[in-house]
Every structure is written in C-alpha cells, then in structure tokens.
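>>> Sequence and predicted structure, then a few things I'm wondering about:
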Amino acid sequence: MPTATGFPSRGFLLASFVALSLSWSAVPSAQEARVLPDYVIDAFGAPPATPAGPLSGSLRSAVQVAFVDSLKQKAWGPDQNLALEEITASGDPRLVWIISDLLRFVSEPGINAALTRSASSLLDKKLPRRNSWGAITDHLIAWDIPAPPDYLSVKRAIFTSVIPGWDRIFAEGGIDWRLVSWGGVMIDDRAYGTTDSTCNCIPAADNPEVSSAEEAIWLKDSDIVFGVEVNGEYRAYPRRIMEVREMVNDTLGGRDLGIPYCTLCGSAQAYFTDQLPAGIERPVLRTSGLLIRSNKVMYDVNTYSVFDTFLGKAVTGPLAKRNLQLKQASVVTTDWGTWKRAHPETTVLVEALALGRNFDFRNGRDANGPIFPVGDVDPRLPVHEDVIGVVTASGKPVAFQRSKAIAALKRGSRISYENVRLQLEAGGVKAVDANGSDLGSHQAFWFAWSQFHPQTALWPN
C-alpha cells in the first residue's frame with residue numbers, strides 16, 4: 001500500500017471538500033438492479049453480490065479516514081492504508097463508485113494502484129492497471145451496481161473540489177449521477193454573447209457570424225457539415241467549427257436554436273429554445289465539461305439547469321421543475337458540396353469561428369471506439385455504426401442504419417415506421433411525416449442512440 005503524499009492539484013484539496021460531513025447511515029438507494037442480458041455477462045462476467053442498507057459504524061469511519069481525512073491531511077499514510085483495507089474487506093461493491101470518482105482525478109501512481117486493487121477485490125474482478133478508471137467504470141455501469149447511501153453529496157464534494165463552478169451543477173433531479181464523469185475540460189460558464197474564447201473550456205458560439213455559400217471559399221466540397229432548415233432558411237454548421245465549439249446558440253428562420261455537437265457520439269442536434277411555456281426565458285446552452293456514458297452534459301448558463309443532451313429534457317434545476325422538454329429540428333449530416341448545390345441560398349458559419357484549429361476527432365482520436373466509459377452496448381450494431389434516430393408520434397424511438405437507408409432510398413424504396421418516413425436530403429437523410437413535415441431527426445453513433453433509447457426499434461430489423 002502506498003505511503004506517498006500527493007493527490008493532484010487543480011483544486012483537488014480545497015477546504016470545501018475537507019469540511020464535508022458524510023452521512024452514510026441514510027436509507028439505501030431506491031435503484032434496483034436490472035436483469036442483465038446475456039451479452040453483458042458474456043462481455044463482463046457475472047456481477048458480484050451487492051448488499052443493501054446503511055454501512056456499519058466501523059465502515060463509515062474507514063470511509064472517513066480513506067476518502068476524507070486523506071484529503072484533509074493532503075497525504076496518504078498508514079491510517080489510510082488500514083482504512084482502505086477495511087473498505088476492501090467489507091465486500092461492498094457500492095463503494096467502488098467512490099473509488100472510481102477518485103481515480104478520475106488521482107494521478108499519484110501508488111495511490112492509484114491501491115485504489116485499483118481495492119476496486120478489483122470489491123468487484124471480484126482482476127482489472128488492468130492501465131486506465132483502471134475506465135475499466136472499473138465500464139463494469140460498474142454494465143452491471144448496474146447501486147450507488148452507496150448519500151452518494152451524490154460525496155460525489156459533489158469530490159468534483160467541486162476540482163472545479164468550483166460545478167457547485168450548482170451537482171444537484172438532485174432526474175439524472176443518474178453514477179454515470180457522470182469528467183470529460184477532461186473545464187465548465188463553460190461565460191455569459192451569453194461573450195466573444196472571448198481563451199477560456200480553459202470548450203467555448204460555445206453565440207449568434208455566430210455567417211457568410212453566403214459563395215463567400216465560403218475556405219470550405220472544401222468534401223468537408224462535412226451539419227445542415228439545418230427552419231421556416232425556409234438554410235444554414236450549414238461545418239464540423240470543423242463544431243469540433244472546437246460543440247455548442248452554438250443561434251437564430252434561424254425567426255426561431256432561436258441551441259445546437260450541441262457531441263464529438264464522442266458523432267451527433268449534432270438542433271433544439272428550439274423559444275416559444276416556451278410562460279415565465280421561462282430562453283435557455284442559453286453551454287458545455288459543462290461533464291459526460292454521461294461518453295455523451296456531453298449541457299446546461300443552461302442562466303439557471304444552471306442540466307439537460308439530458310440526447311433527449312433535450314431538463315433534468316435538474318428550475319427548468320426541470322417546469323418539466324421543460326425542448327423540441328428538435330432535423331440536422332442533416334452531409335458534405336458541403338452537396339449541401340450548397342441543393343440549397344444555394346444557404347448561409348454558413350465563418351471560418352474564424354474554428355479558432356484556427358482543424359480537428360477530425362471522428363477519424364482520429366475516436367476512430368477505434370469510445371474513449372470514455374460507456375458500459376454495455378446493445379450488440380445489434382457495431383458501436384460506431386451511424387444511425388438516423390427519431391422518436392415517433394407514439395413516443396417510440398427508432399433508429400435507421402444510415403448506410404442501408406441511403407442505399408434503399410436511392411433505389412426508390414420506401415422506408416417508414418409508424419408515422420415516420422425517411423427521405424434523402426442534400427446528400428443526407430431526414431425524417432418527415434406523411435405531409436412532409438420535419439420530425440426532428442439526427443445522426444448519431446449506435447452506441448449513443450441505443451444507450452439513451454434502450455428500447456429503440458432498429459431498421460432494418
């Protein structure tokens with residue numbers, strides 16, 4: 001066991017965390033373990049037995065020493081070694097969620113190794129030392145291990161000790177905090193309309209400058225863009241810009257929009273942020289720096305309400321209390337040459353918004369699959385297969401395998417599901433109803449669509 005001092009800096013040892021008082025005798029989580037499908041057992045093995053109820057007084061003391069006193073003392077010594085041994089001997093896999101949260105930020109090799117050995121024992125699974133945080137978290141998610149009592153208060157303290165700006169993010173609501181992890185960037189908490197992009201964050205673009213298609217000589221015809229149409233107005237959002245902005249608050253066709261792009265999920269979406277219930281101001285969407293199963297967590301910078309990015313539903317804060325559900329416009333993923341030929345009147349974001357960068361995460365960093373924990377993935381398609389996703393009028397999510405859908409549509413085949421009909425659009429695909437009205441579809445990787453819509457239908461089935 002390590003005797004080294006040194007948790008990482010970056011505010012990890014702020015007094016706000018040191019002063020935390022843990023209340024581990026609270027009622028157990030209401031989370032009930034699901035029946036695991038065979039493919040989860042095949043991939044991850046059988047889960048360990050998990051107890052319910054509060055921790056014993058002795059174990060609460062061990063948790064205090066290992067996870068709180070070590071931070072207060074800014075050191076890991078013999079007391080922490082003994083406490084971690086008791087935690088490991090408890091056989092309670094619920095505590096691995098806290099170990100996982102600490103591992104995301106602890107960089108000292110000795111402490112990292114000790115926490116990894118403890119997690120391996122509690123999960124009854126030999127886990128790799130390399131990227132142990134990812135392997136541990138994948139198993140916790142796939143096995144649906146319940147959280148320990150009062151988990152949110154502990155997690156909130158850990159995360160806000162790193163970035164104080166998260167203090168209003170970590171709140172009770174309709175969000176499974178077990179699944180939230182750090183994406184490696186700071187929160188974008190800049191006020192609406194801020195043009196300074198030098199923050200240590202992923203800076204959203206508000207009211208972005210646009211040009212005509214003829215003026216956009218910096219774009220190659222082969223460059224990928226995300227095309228949006230509202231009330232007869234067309235706009236292209238180049239992937240090169242969205243890779244570094246990941247969020248745009250815009251106005252198109254007389255409507256306000258919030259447009260998140262999750263590079264990890266291969267998904268650009270367009271949410272209407274106007275015509276909301278009385279008393280709700282336009283949400284200004286920002287990147288929190290957090291992830292849920294490799295999907296970005298967005299929030300409203302005015303109310304600090306967190307949204308489920310994939311579903312457009314407010315899950316914490318004042319907007320969750322109002323049950324705010326944002327409606328979507330379709331996003332067509334295509335190439336610039338095809339988009340501008342189909343819609344020569346289109347506008348397009350200007351090159352300066354790319355901040356001089358030219359990333360291609362899809363074909364570079366993310367080419368070999370998700371780089372953050374996602375747990376189990378529906379095996380019906382490969383994790384990075386492109387699908388066109390939409391929710392039907394009856395509330396049924398359905399995903400269409402993009403490659404096969406385009407091939408079928410080009411042959412003249414009809415593709416429909418309930419009220420949904422697919423059509424070719426400027427080199428991409430969008431979903432419309434029988435009258436040709438937009439149904440708010442978008443493209444995404446299969447792993448992302450299927451984990452946020454676990455009961456999704458799949459075409460072709």
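Structure received.
>>> Which parts of the chain are helices?
Listed in chain order, the helices of the chain (DSSP state H) span 15-18, 38-44, 57-63, 70-73, 78-89, 96-103, 109-123, 132-143, 151-162, 239-245, 317-321, 336-342, 402-410, 446-452.
>>> can you give me phi and psi for residue 456?
Backbone torsions for residue 456, taken as degrees, to the nearest 10, come to phi -70, psi 140.
>>> Make sure it is actually in contact with residue 391.
No - counting by Cβ atoms under 8 Å, residue 456 stays clear of residue 391, with 9.3 Å between them. (Glycine included, C-beta is placed from N, CA and C.)
>>> follow-up on the earlier one: I'd like the helices of the chain as a markdown table, with mean neighbour count, distance to residue 440 and mean pLDDT appended.
Shown next, in a markdown table, are those (neighbours: other Cβ atoms under 10 Å; distance: least, Cβ to Cβ, whole Å; pLDDT from 0 to 100):
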| stretch | mean neighbour count | distance to residue 440 | mean pLDDT |
| --- | --- | --- | --- |
| helix 15-18 | 15 | 41 | 31 |
| helix 38-44 | 15 | 30 | 95 |
| helix 57-63 | 17 | 45 | 87 |
| helix 70-73 | 19 | 45 | 68 |
| helix 78-89 | 18 | 47 | 93 |
| helix 96-103 | 24 | 35 | 92 |
| helix 109-123 | 20 | 40 | 95 |
| helix 132-143 | 24 | 28 | 96 |
| helix 151-162 | 20 | 32 | 85 |
| helix 239-245 | 23 | 18 | 96 |
| helix 317-321 | 19 | 19 | 97 |
| helix 336-342 | 20 | 19 | 98 |
| helix 402-410 | 15 | 17 | 97 |
| helix 446-452 | 25 | 14 | 96 |
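>>> would JSON lines of these with distance to residue 285 be doable?
Formatted as JSON lines, the helices of the chain follow (distance: least, Cβ to Cβ, whole Å):
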{"stretch": "helix 15-18", "distance to residue 285": "27"}
{"stretch": "helix 38-44", "distance to residue 285": "33"}
{"stretch": "helix 57-63", "distance to residue 285": "37"}
{"stretch": "helix 70-73", "distance to residue 285": "33"}
{"stretch": "helix 78-89", "distance to residue 285": "39"}
{"stretch": "helix 96-103", "distance to residue 285": "26"}
{"stretch": "helix 109-123", "distance to residue 285": "35"}
{"stretch": "helix 132-143", "distance to residue 285": "26"}
{"stretch": "helix 151-162", "distance to residue 285": "20"}
{"stretch": "helix 239-245", "distance to residue 285": "11"}
{"stretch": "helix 317-321", "distance to residue 285": "11"}
{"stretch": "helix 336-342", "distance to residue 285": "24"}
{"stretch": "helix 402-410", "distance to residue 285": "26"}
{"stretch": "helix 446-452", "distance to residue 285": "17"}
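>>> any shared contact partners between residue 456 and residue 391?
Taking Cβ atoms under 8 Å, 6 or more residues apart in numbering as the contact rule, residue 456 and residue 391 both touch 397-398.
>>> ok so, going back, out of the helices of the chain, which gets nearest to residue 210?
helix 239-245 (11.0 Å; Cβ to Cβ).
>>> What are the contacting residues of that closest one?
202-205, 223-226, 248, 259, 261, 263, 268, 349, 351, 353-355, 357-361.
>>> Out of those, which end up buried?
Buried residues within those, defined by neighbour count using 16 or more other Cβ atoms under 10 Å: 202-205, 223-226, 248, 259, 261, 263, 268, 349, 351, 353-354.
>>> Could you report the pLDDT at residue 7?
On pLDDT, residue 7 comes in at 46.
>>> now swap in residue 66 and tell me
According to the model, residue 66 carries a pLDDT of 82.
>>> got a list of what the residue lying closest to it once chain neighbours are set aside touches?
Spatial nearest neighbour of residue 66, excluding adjacent residues (Cβ to Cβ, 6 or more residues apart in numbering): residue 83 at 3.9 Å. Contacts for residue 83 were tallied using Cβ under 8 Å, 6+ apart; they are 61-66.
>>> first to last residue in stretch 384-399, what's the distance?
13 Å (Cα to Cα, to the nearest Å).
>>> Quick one: distance of it to the chain centre.
Relative to its chain's centre, stretch 384-399 lies at 18 Å (Cα atoms, centre = their mean, to the nearest Å).
>>> With stretch 53-69 instead?
Worked out by Cα atoms, centre = their mean, stretch 53-69 lies 31 Å from the chain centre.
>>> Spatially central residue for the chain, please.
When Cα atoms, centre = their mean is applied to the chain, the residue found nearest the centroid is residue 295 (2.1 Å).
>>> on that earlier part again, closest to residue 460 out of the helices of the chain?
Using Cβ to Cβ, the nearest of the helices of the chain to residue 460 is helix 402-410, at 6.1 Å.
>>> what's that closest one packed up against?
In terms of contacts (3 or more Cβ pairs under 8 Å, 6 or more residues apart in numbering; DSSP states H and E), helix 402-410 is packed against strand 386-391, strand 420-425, strand 428-432.
>>> mind listing what the first one pairs with, with the direction of each?
Sheet pairing for strand 386-391, assigned by DSSP bridges, gives strand 397-401 (antiparallel), strand 442-445 (antiparallel).
>>> Just the C-alpha atoms of it, please, in PDB.
Provided in PDB are the C-alpha atoms of strand 386-391 (Å, rounded to 0.1, in the frame of the first residue of the first chain):
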ATOM      1  CA  ASP A 386     -24.100   5.600 -38.000                       C
ATOM      2  CA  VAL A 387     -27.800   5.700 -37.500                       C
ATOM      3  CA  ILE A 388     -30.600   8.200 -38.100                       C
ATOM      4  CA  GLY A 389     -32.600   8.500 -35.000                       C
ATOM      5  CA  VAL A 390     -36.100   9.900 -34.400                       C
ATOM      6  CA  VAL A 391     -39.000   9.400 -31.900                       C
END
